[in-house]
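> Provided below are the primary sequence and the corresponding predicted coordinates.
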Amino acid sequence: MAAAATTARKLVTPHPSRHSRDRVEARTTALVALPFEMQFSSLGSKLERSPIRTATNSARAAKERGEDVVSLAGGLPSAELFAMRSMSVDGVEVEGADDVLQYHSGKGNPGLLEKVARLQHSLHEGKYGIACTTGNTDALVKTIELLTEPGDPVFTETPTWPGFLSQLAPRDRAAVGVAMDERGVIPHALDAALAKETGTQQRVFYTVPAGQNPTGVTVDDDRKRQIYEICRRRNVVIVEDDPYYFLRLDGNPLSASYLSLDRDGRVVRLDSASKILAPGIRLGWISGPELFVEKYVLLAETSTQFPSGLAQLAVSHLLDRDFSGHLDRIAADYRRRRDLLVTTLEENLDATLADWNLPTCGMFLWVKQHVSPDARHLVDDFVEKGVAVVPGHCFATTRDLQCPYFRLTFAFGSDDDIRKGAARIAAVLKDKAANE
Ligand SMILES: Cc1ncc(COP(=O)(O)O)c(C=O)c1O
């Protein structure tokens with residue numbers, strides 16, 4: 001329960017207040033003079049504000065100021081004719097369905113934005129803008145399209161989340177993998193990789209700093225500072241994808257995010273409701289330099305427009321419903337599941353066959369087996385025994401790499417599945433070792 005207590009202490013439960021909208025606007029729109037000038041791709045530079053939105057928004061703002069303005073501008077359907085007018089979350093009727101079901105800004109509805117801003121500013125120091133997203137996957141596509149051109153390299157930890165790698169190749173961005181150790185990406189390896197890709201133009205470094213997928217590694221404050229300084233020196237934007245941030249398994253204090261270390265305006269941070277509320281909600285939030293967030297919103301408005309109003313209302317409600325208690329409960333349960341997986345593996349295997357580092361955050365155990373130089377050669381045996389794992393090469397920036405690791409998750413299965421799966425993995429490894 002220690003993890004729970006730490007998380008709870010740091011969180012400010014977001015709740016609305018009378019002048020909240022003004023305050024959020026002030027916080028999220030104040031332009032700050034920063035020494036780093038973010039460069040945008042040609043796509044980013046060509047984005048324009050929609051004239052229809054401009055007309056509609058200025059009429060709305062005038063009306064809110066009490067002016068007698070009638071808007072016949074935006075093509076908004078009548079709220080009176082919506083097919084649904086109310087909504088409940090987990091059996092509780094929530095207010096505001098009429099409003100969130102209407103067309104809205106790509107930034108998110110003011111009510112949700114205010115709560116998210118409160119939460120962010122209670123956890124991450126600094127001045128930055130915020131917009132709601134439809135989850136980190138989509139927000140990453142947009143971020144990469146805003147910050148890089150086709151042909152550009154994108155630096156990333158290797159191994160890393162294949163969902164990100166699969167975005168790069170079809171968009172003609174080359175993933176440049178940088179080696180990791182048990183504390184995250186290795187600073188001198190990052191520096192060397194950046195030095196090799198010559199030119200002084202801005203580069204992007206993508207990182208998953210807590211409970212990394214797949215290694216489970218969480219980067220400590222000192223390592224983050226070293227990485228940040230390298231990125232300053234080498235003209236790099238840090239894209240911090242942090243969906244496992246709240247899943248602290250061992251009660252360690254939440255480490256300082258890159259966003260809160262940022263003094264220049266070179267960090268874009270992505271948070272997601274997927275691992276803490278539910279992935280089907282499809283909602284997250286992006287924080288970064290105000291100009292970046294403005295571009296992000298303009299880009300979103302050309303495609304997804306804005307996250308679903310239903311999702312926004314659900315999250316707005318869930319953030320108010322003992323959010324920190326909920327985080328404590330899920331972290332405690334994931335810790336229990338992690339321990340069950342590890343204990344069962346230890347009971348069935350000795351360290352000559354496999355080892356791992358205990359993850360302190362997230363959902364994954366990254367297992368190094370010692371019976372084959374490449375875990376993909378064991379996949380068929382695992383399947384035959386009735387257990388699915390992901391072999392390590394799937395996470396590498398160079399797929400033909402021999403990789404002795406495989407990834408397990410302790411988040412999804414029942415206790416029985418975890419026990420059975422671990423015992424089956426152990427049986428395969430023992431069998432293989434005996435038949436060498
Ligand atoms: C590192 C990482 N980023 C992003 C995602 C997806 O996030 P979202 O559900 O918000 O799109 C995942 C989930 O699988 C992930 O592991």
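That came through fine.

> Locate residue 255 within the secondary structure: which element?
Under the criterion of DSSP states H and E, residue 255 resides outside all helices and strands.

> Quick check, it in contact with residue 217.
No. If you go by CB atoms under 8 Å, residue 255 and residue 217 don't touch, sitting 11.8 Å apart. Heads up, the C-betas are built off the backbone N, CA and C, glycines and all.

> So between these two, which is more surrounded?
More neighbours surround residue 217 than the other of residue 255 and residue 217, with 27 against 19 (other CB atoms under 10 Å).

> Residue 160 is in contact with the more buried one, correct?
No. Assessed by CB under 8 Å, residue 217 is found out of contact with residue 160, at 10.8 Å.

> mind listing what's buried in the longest helix along the chain?
Determined from DSSP state H, the single longest helix within the chain is helix 323-348. Within helix 323-348, the residues that count as buried by 16 or more other CB atoms under 10 Å are 323-324, 327-328, 330-332, 334-335, 337-338, 340-342, 344-345, 348.

> In terms of secondary structure, what does that helix contact?
helix 2-10, strand 364-369, helix 415-434 (3 or more CB pairs under 8 Å, 6 or more residues apart in numbering; DSSP states H and E).

> can these go into JSON lines with extra columns for mean pLDDT and distance to residue 390?
Converted to JSON lines, the helices and strands packed on helix 323-348 look like this (pLDDT from 0 to 100; distance: least, CB to CB, whole Å):
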{"stretch": "helix 2-10", "mean pLDDT": "36", "distance to residue 390": "26"}
{"stretch": "strand 364-369", "mean pLDDT": "98", "distance to residue 390": "9"}
{"stretch": "helix 415-434", "mean pLDDT": "96", "distance to residue 390": "12"}
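
> could those be laid out in a markdown table, adding mean neighbour count and distance to the ligand?
Formatted as a markdown table, the helices and strands packed on helix 323-348 follow (neighbours: other CB atoms under 10 Å; distance: least, CB to the nearest ligand atom, whole Å):
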| stretch | mean neighbour count | distance to the ligand |
| --- | --- | --- |
| helix 2-10 | 16 | 19 |
| strand 364-369 | 21 | 9 |
| helix 415-434 | 18 | 19 |
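
> Dump the ones you listed to a markdown table, plus distance to residue 139.
Shown next, in a markdown table, are these (distance: least, CB to CB, whole Å):
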| stretch | distance to residue 139 |
| --- | --- |
| helix 2-10 | 23 |
| strand 364-369 | 21 |
| helix 415-434 | 31 |
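
> out of these, nearest to residue 403?
strand 364-369 (9.3 Å; CB to CB).

> So what are the sheet partners of that closest one and their directions?
Sheet pairing of strand 364-369 (DSSP bridges) gives strand 354-355 (antiparallel), strand 405-409 (antiparallel).

> any residues touching it, and which ones?
For strand 364-369, contacts defined as CB atoms under 8 Å, 6 or more residues apart in numbering pick out 211-216, 338, 341-342, 345, 353-357, 359, 375, 378, 392, 404-410, 425, 429.

> if we can go back for a sec, let me know which of the helices and strands packed on helix 323-348 is the nearest to residue 100.
Across those, residue 100 has its closest neighbour in helix 2-10 (28.0 Å, CB to CB).

> Show me how this structure divides into domains.
Domain ranges of the chain: 7-59+106-321, 325-434, per automatic domain parsing.

> looking at the ones you listed, which one has the lowest mean pLDDT?
Among the domains of the chain, domain 7-59+106-321 carries the lowest mean pLDDT, at a mean of 89.

> What residues does the stretch 1-150 of the chain have near the ligand?
Neighbours of the ligand within the stretch 1-150 of the chain, by CB under 6 Å from any ligand atom: 135-137.

> switch to 8 Å and redo it
The stretch 1-150 of the chain has residues 133-140 near the ligand, with proximity defined as CB under 8 Å from any ligand atom.

> Dump the residues you listed into CSV; add neighbour count as well.
Formatted as CSV, these follow (neighbours: other CB atoms under 10 Å):
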residue, neighbour count
133, 30
134, 21
135, 21
136, 25
137, 21
138, 18
139, 25
140, 23
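
> Would you check which pair of those residues lies furthest apart?
134 and 140 (11.2 Å).
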